[in-house]
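Enquirer: What shape does this take:
(one chain, ligands or ions: 1)
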Amino acid sequence: MKKADLLNKWGRWALVTGASSGIGEAFAHHLASLGCNLVLVARRGKTLKQLGESLKRKHSIEYMVIPTDLSAPNAYQQVMAATEELPIGLLISNAGAGRPGKFLDRSNEDLSEIMELNLHSHVWLTQHFAWKFTQAGGGGIVLTGAMGAVSGLPYMAIEAGTKAFIEAFGLSLNYEFKNTGVHCTVLVTSPTETPVLGKLGFTKESLPMQPISPQQCVQETMEALYQNKASIIPGKKFRIMNALTPKSTSKKMMGAILKKNNQL
Ligand SMILES: NC(=O)c1ccc[n+]([C@@H]2O[C@H](COP(=O)([O-])OP(=O)(O)OC[C@H]3O[C@@H](n4cnc5c(N)ncnc54)[C@H](OP(=O)(O)O)[C@@H]3O)[C@@H](O)[C@H]2O)c1
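Expert: Numbering: from 1, shown residues only. A predicted model of the protein is given here:
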């Protein structure tokens, strides 16, 4: 089946969380250019509206904005309720955040927010939409994880844990959904040039390899999703690095960089 046929089969609406910036915004541009109507989810409603308007003008698509904080318990229910009537066929569950710090210094509230956003919101949205996609005979799901999470990220322990969960969760579902028409791919995000890198204290110079563009990240992820690959690490150099670097070395290297960049 051709890619365009697959997108048609999945329906003309896609839902993207974390669409106000970075990789999610690049997904929105990519999908709109293919003629997909969009549900855009993030906290910054005004930014989402501006994005929706500009994509509507450029690609003649329809869009809906859901400004919500996915780190709040049950926020996902707002997303489900608002989209009940829409024939969504593609879920890009991408919103996520990280705050470097020593685990023992972090408050319960801080840790709960990260778990809600990076873990629970993905699980509940996936279950809801996967059920709908199965009823409709097909659909696509991208779950955003992080390269290196399964090796451990010192000073971002809760982020590493939640992202490692997403990776195992998505790999499992990719198998479980076989023969249902539902594709599920984990985006094991390699360093990508978005505002998140700055928020984590990284500079281009402090990274052992230059980050890829959000556009490359999205192109490779969509290709993997069409092929129903269980996971994708965008960027050949990062795939090679990931394959060749022992987990203990990756953990040590990331721990040293995060400690230094964030004065921990
Ligand atoms: N860039 C990288 O190198 C890298 C590496 C590993 C993993 N990742 C993962 O990739 C995903 C996208 O990140 P990015 O690099 O594109 O960073 P980004 O530019 O900072 O984008 C993060 C997106 O998530 C949304 N978001 C954050 N907190 C939210 C909340 N509480 N409720 C709803 N939406 C929220 C943000 O929107 P609002 O601020 O408007 O809410 C924004 O749209 C994340 O899951 C991140 O963990 C990125």
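
Enquirer: Lowest-scoring secondary structure element of the protein by mean pLDDT?
Expert: Among the helical and strand segments of the chain, the one scoring lowest on mean pLDDT, DSSP states H and E is helix 3-10, with a mean of 76.

Enquirer: got a list of what the nearest residue to residue 235 once chain neighbours are set aside touches?
Expert: Using Cβ to Cβ, 6 or more residues apart in numbering and skipping residues adjacent in sequence, the residue nearest residue 235 is residue 212, 4.3 Å away. Just so you know, the C-beta spots here come from the backbone N, C-alpha and C atoms, and that holds for glycine as well. For residue 212, the contacting residues are 190-193, 234-235, 238, taking Cβ atoms under 8 Å, 6 or more residues apart in numbering as the criterion.

Enquirer: follow-up on the earlier one: buried ones in the least confident helix or strand of the chain, by neighbour count?
Expert: Within helix 3-10, the residues scored as buried using 16 or more other Cβ atoms under 10 Å are 6-7, 10.

Enquirer: Repeat that for stretch 41-49.
Expert: Under the neighbour-count criterion of 16+ other Cβ under 10 Å, stretch 41-49 has 41-43, 47-48 buried.

Enquirer: Adding secondary structure and pLDDT, write those residues out as CSV.
Expert: Supplementary listing: the buried residues of stretch 41-49 in CSV, determined by DSSP: H, G, I helix; E, B strand; the rest coil; pLDDT from 0 to 100:
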residue, secondary structure, pLDDT
41, strand, 98
42, strand, 98
43, coil, 98
47, helix, 98
48, helix, 98
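
Enquirer: and the two most separated of those residues?
Expert: Comparing all pairs in those by Cβ to Cβ, the longest separation belongs to 41 and 47, at 11.7 Å.

Enquirer: residues from the stretch 1-150 of the chain in reach of the ligand?
Expert: With the criterion set to Cβ under 6 Å from any ligand atom, the stretch 1-150 of the chain comes near the ligand through 18-24, 42-44, 69-71, 94-98, 117, 144, 146.

Enquirer: Relative to residue 27, how far out is residue 35?
Expert: Distance of residue 35 to residue 27, computed by Cβ to Cβ, to the nearest Å: 14 Å.

Enquirer: And those two? Which one has more around it.
Expert: Residue environment comparison for residue 35 versus residue 27 gives the larger neighbour count to residue 27, 30 against 13, counting by other Cβ atoms under 10 Å.

Enquirer: Let me see the residues that make contact with the helix or strand hosting the more buried one.
Expert: Residue 27 is part of helix 22-33, with elements assigned from DSSP states H and E. Outside of helix 22-33, the residues that reach it under the criterion Cβ under 8 Å, 6+ apart are 14, 16-19, 38, 40, 42, 51, 55, 58-59, 61, 90, 92, 94-95, 142, 144, 187, 189, 192, 194-196, 213-215, 217-219, 222.

Enquirer: before we move on, what about stretch 128-135?
Expert: The contact list for stretch 128-135 (Cβ under 8 Å, 6+ apart) reads 10, 15, 76, 80, 88-89, 91, 139-141, 173, 177, 180-182, 184.

Enquirer: try it again with 7 Å
Expert: Counting by Cβ atoms under 7 Å, 6 or more residues apart in numbering, the neighbours of stretch 128-135 from elsewhere in the structure are 80, 88-89, 91, 139, 141, 177, 180, 182.

Enquirer: again with stretch 160-173
Expert: The list of residues contacting stretch 160-173 from outside it, by Cβ under 7 Å, 6+ apart, reads 114-115, 118-119, 122-123, 143, 145-146, 149-150, 152-153, 184, 186, 188, 230-231.
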